[in-house]
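Peer 1: predicted model follows, preceded by the sequence.
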Amino acid sequence: AAEEGFDVEDVEGAIEAAGHGPLPVLAVVGRPNVGKSTLVNRIIGRREAVVEDKPGVTRDRVTYEAEWAGRRFKVVDTGGWEQDVLGIDASVAAQAEYAIEAADAVVFVVDAKVGATDTDEAVVRLLRKAGKPVVLCANKVDGPSGEADAAYLWSLGLGEPHPVSALHGRGTGDMLDAVLEALPEAPAQTFGTAVGGPRRIALIGRPNVGKSSLLNKVAGEERVVVNELAGTTRDPVDELIELGGVTWKFVDTAGIRKRVHLQQGADYYASLRTAAAVEKAEVAVILIDACENISVQDQRIVTMAVEAGRAVVLAFNKWDTLDEERRYYLEREIETELGQVAWAPRVNVSARTGRHMEKLVPAIETALDGWETRVPTGRLNAFLGELVSAHPHPVRGGKQPRILFGTQAGTKPPRFVLFASGFIEAGYRRFIERRLREEFGFEGTPIHISVRVRE
Ligand code: GDP
Ligand code: GDP
């Protein structure tokens with residue numbers, strides 16, 4: 001490495017940074033208007049439009065990547081929607097429940113100016129039950145005079161209230177230090193007790209694509225549609241189902257059952273649920289209604305799974321309803337609308353008739369194999385060497401940037417670091433990804449490639 005102009009520390013640092021694997025998840029919960037979205041913006045250090053969000057408007061995303069003191073984690077924002085027909089307590093509880101379930105630690109935001117309300121107390125009970133580490137954020141403490149208000153929140157029994165002004169940034173550094181202490185280095189879902197346990201599948205897709213029907217079909221039993229107040233009873237969220245002689249864990253199946261009372265904010269609620277399920281899973285089976293046009297909502301769900309770095313299987317459901325013409329157009333649509341997951345295994349199923357149910361497990365196994373593939377450094381560099389001499393990077397400004405060497409820094413999903421003598425253009429990066437896929441498979445998995453340029 002030293003001969004190529006990189007020193008050993010550079011190389012090791014780059015490999016470590018690229019190979020981080022799944023990030024721990026922090027959920028930010030609390031009543032509407034306590035300042036959750038403002039705080040999330042502050043944490044992620046960006047002015048995203050989340051605060052302006054209107055209820056009922058589909059949110060693109062609820063999960064963001066953040067970094068503090070050199071550690072990276074994900075933040076789940078539960079702000080941006082309002083109480084629905086259930087009333088304030090139940091809707092706050094329902095959103096908090098999903099977020100807490102997916103999280104490794106929780107920031108509970110309370111408006112220090114208002115003090116603890118009954119709704120806050122209800123969330124405290126949920127937090128106690130979940131047993132996840134909690135950092136109590138006493139928000140809207142914009143100056144020293146507000147500190148006394150924050151101290152009142154000791155009464156919640158969640159330990160030290162951290163006085164914060166999400167709006168101005170006051171106290172957020174100290175609070176984030178506490179968050180880092182509460183957050184495990186790696187998500188418990190992935191590296192904790194679950195190691196060696198059943199593989200975790202998130203069955204996701206927009207409403208009415210047939211998720212509960214499919215689950216019923218594969219589980220071989222008719223399920224009850226749960227018709228209850230969200231958050232009042234905890235129904236099982238993960239379900240063990242045997243398929244193809246192997247036990248799989250379908251995560252967050254409670255979310256698949258219909259919460260019939262939830263109407264307003266249902267879109268937002270659905271994205272939160274999807275994000276939570278994806279966080280907990282290793283592989284996302286994305287169900288798409290084959291008889292309808294592929295929609296922006298389908299694409300968003302695909303993006304969520306890809307950005308979370310999960311293995312992906314595409315299942316086109318309701319195949320029993322398709323005629324010749326629709327099949328023709330569907331193929332075209334898949335090419336144009338789902339290009340970002342052209343590498344995902346595909347199954348065409350019918351939850352109604354049971355068509356091709358037996359193809360689901362092999363597809364899932366293929367995707368998980370790709371997700372866990374590790375290419376030995378020697379093989380990778382032999383491949384890169386050949387590729388670079390056969391297809392050199394275009395000359396730019398009289399210079400020809402070259403890939404000097406590379407290594408796979410991590411798996412689940414595969415992450416590569418390439419070391420180069422100059423800036424590598426996006427087109428060439430895509431070319432390398434394509435060739436890596438052709439050479440080593442990686443079916444069903446996103447792959448990350450980062451490039452380090454020699455100074
Ligand atoms: P959410 O519903 O919990 O996500 O709350 P928002 O982040 O949308 O904030 C609700 C309102 O409180 C907005 O008008 C914010 O500007 C305001 N707000 C948020 N944080 C602070 C703060 O630290 N101090 C003050 N004074 N206002 C804040
Ligand atoms: P979910 O909202 O994604 O859980 O969707 P459901 O499982 O509730 O299904 C929505 C509707 O699609 C119901 O009326 C189902 O009977 C219907 N459905 C689900 N799968 C199929 C299928 O494979 N073929 C047909 N024709 N209808 C289906």
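Peer 2: Alright, I've got the coordinates. Numbers count the residues shown, from 1 in each chain. Ligands and ions are numbered 1, 2, ... in the order given.
Peer 1: quickly find the element holding Arg300.
Peer 2: helix 296-307 (DSSP states H and E).
Peer 1: whichever helix or strand comes after that helix packs against which elements?
Peer 2: Reading on from helix 296-307 to the C-terminus, the next helix or strand found by DSSP H and E is strand 311-317. When contacts are defined as 3 or more CB pairs under 8 Å, 6 or more residues apart in numbering; DSSP states H and E, strand 311-317 packs onto helix 211-219, strand 283-289, helix 296-307, strand 346-348, helix 360-372. Glycine gets a C-beta too; all of them are placed from N, C-alpha and C.
Peer 1: mind doing that once more with 10 Å?
Peer 2: strand 199-204, helix 211-219, strand 283-289, helix 296-307, helix 324-337, strand 346-348, helix 360-372 (3 or more CB pairs under 10 Å, 6 or more residues apart in numbering; DSSP states H and E).
Peer 1: hey, least reliable of those by pLDDT?
Peer 2: When the helices and strands packed on strand 311-317 are compared by mean pLDDT, helix 211-219 comes last with a mean of 88.
Peer 1: quick one: that one near ligand 2?
Peer 2: Yes. Judged by CB under 6 Å from any ligand atom, helix 211-219 and ligand 2 are in contact via 211-213.
Peer 1: now tell me which helix or strand of this protein has the poorest mean pLDDT.
Peer 2: Ranking every helix and strand in the chain by mean pLDDT, DSSP states H and E puts helix 188-191 at the bottom, with a mean of 50.
Peer 1: my read: Pro207 touches Ser295, true?
Peer 2: No. If you go by CB atoms under 10 Å, Pro207 and Ser295 don't touch, sitting 11.3 Å apart.
Peer 1: returning to that earlier point: how far off centre is the helix holding Arg300?
Peer 2: 10 Å (CA atoms, centre = their mean, to the nearest Å).
Peer 1: now for that helix, which elements pack on it?
Peer 2: Using 3+ CB pairs under 10 Å, 6+ apart, helix 296-307 is in contact with strand 63-68, strand 199-204, helix 266-280, strand 283-289, strand 311-317, helix 324-337.
Peer 1: of those, give the one that comes closest to ligand 1.
Peer 2: Proximity to ligand 1, assessed across these by CB to the nearest ligand atom, is greatest for helix 266-280 (11.8 Å).
Peer 1: using CSV, list the CA coordinates for the closest one.
Peer 2: Only the C-alpha atoms of helix 266-280 are listed here, as CSV (Å, rounded to 0.1, in the frame of the first residue of the first chain):
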residue,chain,number,x,y,z
ALA,A,266,-52.3,6.3,7.6
ASP,A,267,-49.7,6.9,4.9
TYR,A,268,-47.2,8.2,7.3
TYR,A,269,-48.0,5.5,9.7
ALA,A,270,-47.4,2.9,7.0
SER,A,271,-44.0,4.4,6.2
LEU,A,272,-43.0,4.3,9.8
ARG,A,273,-44.1,0.7,10.0
THR,A,274,-42.2,-0.2,6.9
ALA,A,275,-39.1,1.5,8.1
ALA,A,276,-39.3,-0.3,11.4
ALA,A,277,-39.8,-3.7,9.8
VAL,A,278,-36.9,-3.1,7.4
GLU,A,279,-34.6,-2.1,10.3
LYS,A,280,-35.3,-5.3,12.0
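Peer 1: that one near ligand 1 anywhere?
Peer 2: No. Applying CB under 6 Å from any ligand atom, one finds helix 266-280 separated from ligand 1 by no less than 11.8 Å.
Peer 1: can you give me the buried ones in that helix?
Peer 2: 267-280 (16 or more other CB atoms under 10 Å).
Peer 1: residues contacting Leu436?
Peer 2: Residues near Leu436 by CB atoms under 10 Å, 6 or more residues apart in numbering: 375, 380, 383-384, 387, 406, 408, 414, 416, 442, 447, 449.
Peer 1: so what's the backbone phi/psi at it?
Peer 2: phi -60, psi -40 (degrees, to the nearest 10).
Peer 1: pLDDT score for the residue nearest the centre of the chain?
Peer 2: Centroid-nearest residue in the chain, with CA atoms, centre = their mean: Ala308, separated by 3.8 Å. pLDDT recorded at Ala308 is 90.
Peer 1: can you check Leu387 too?
Peer 2: 94.
Peer 1: quick check: closest non-adjacent residue to it.
Peer 2: Arg435 (5.7 Å; CB to CB, 6 or more residues apart in numbering).
Peer 1: which SSE is the one you found in?
Peer 2: Judged by DSSP H and E, Arg435 forms part of helix 426-440.
Peer 1: so how far is that helix off the chain centroid?
Peer 2: With CA atoms, centre = their mean, you get 24 Å for helix 426-440.
Peer 1: which positions in the stretch 251-400 of the chain make contact with ligand 2?
Peer 2: 256, 317-318, 320-321, 350-352.
Peer 1: of those, which is the nearest to Glu337?
Peer 2: Asn317 (16.3 Å; CB to CB).
Peer 1: report pLDDT for the closest residue to the closest one other than its chain neighbours.
Peer 2: Using CB to CB, 6+ apart and skipping residues adjacent in sequence, the residue nearest Asn317 is Gly210, 4.3 Å away. In this model, Gly210 is scored at 92, pLDDT.
Peer 1: torsion angles phi and psi at Gly210?
Peer 2: According to degrees, to the nearest 10, Gly210 has phi 110, psi 20.
Peer 1: ok, it to Leu314 distance?
Peer 2: Gly210 is 14 Å from Leu314, where distance means CB to CB, to the nearest Å.
Peer 1: before we move on, what about His391?
Peer 2: 30 Å.
Peer 1: so for those two, which residue has more residues nearby?
Peer 2: Each of His391 and Leu314 has its neighbours counted (other CB atoms under 10 Å); Leu314 has more, 23 against 12.
Peer 1: partner residues bridging that one?
Peer 2: Ile286, Arg346 (DSSP bridges).
Peer 1: give the contact list for it.
Peer 2: Per CB under 10 Å, 6+ apart, neighbours of Leu314: 205, 284-288, 298, 302, 334, 338, 341, 344-348, 363, 367, 444.
Peer 1: same check, this time on Thr377
Peer 2: So Thr377 contacts 405-408 (CB under 10 Å, 6+ apart).
Peer 1: nearest to ligand 1, of the residues you listed?
Peer 2: Gln408 (39.6 Å).
Peer 1: circling back to that earlier point, take the helices and strands packed on strand 311-317 and lay them out in CSV including distance to Pro184.
Peer 2: Formatted as CSV, those follow (distance: least, CB to CB, whole Å):
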stretch, distance to Pro184
strand 199-204, 17
helix 211-219, 30
strand 283-289, 22
helix 296-307, 21
helix 324-337, 37
strand 346-348, 35
helix 360-372, 22
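Peer 1: a markdown table for these, including mean neighbour count and distance to ligand 1?
Peer 2: Shown next, in a markdown table, are these (neighbours: other CB atoms under 10 Å; distance: least, CB to the nearest ligand atom, whole Å):
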| stretch | mean neighbour count | distance to ligand 1 |
| --- | --- | --- |
| strand 199-204 | 25 | 25 |
| helix 211-219 | 19 | 28 |
| strand 283-289 | 25 | 27 |
| helix 296-307 | 19 | 20 |
| helix 324-337 | 12 | 32 |
| strand 346-348 | 18 | 38 |
| helix 360-372 | 20 | 34 |
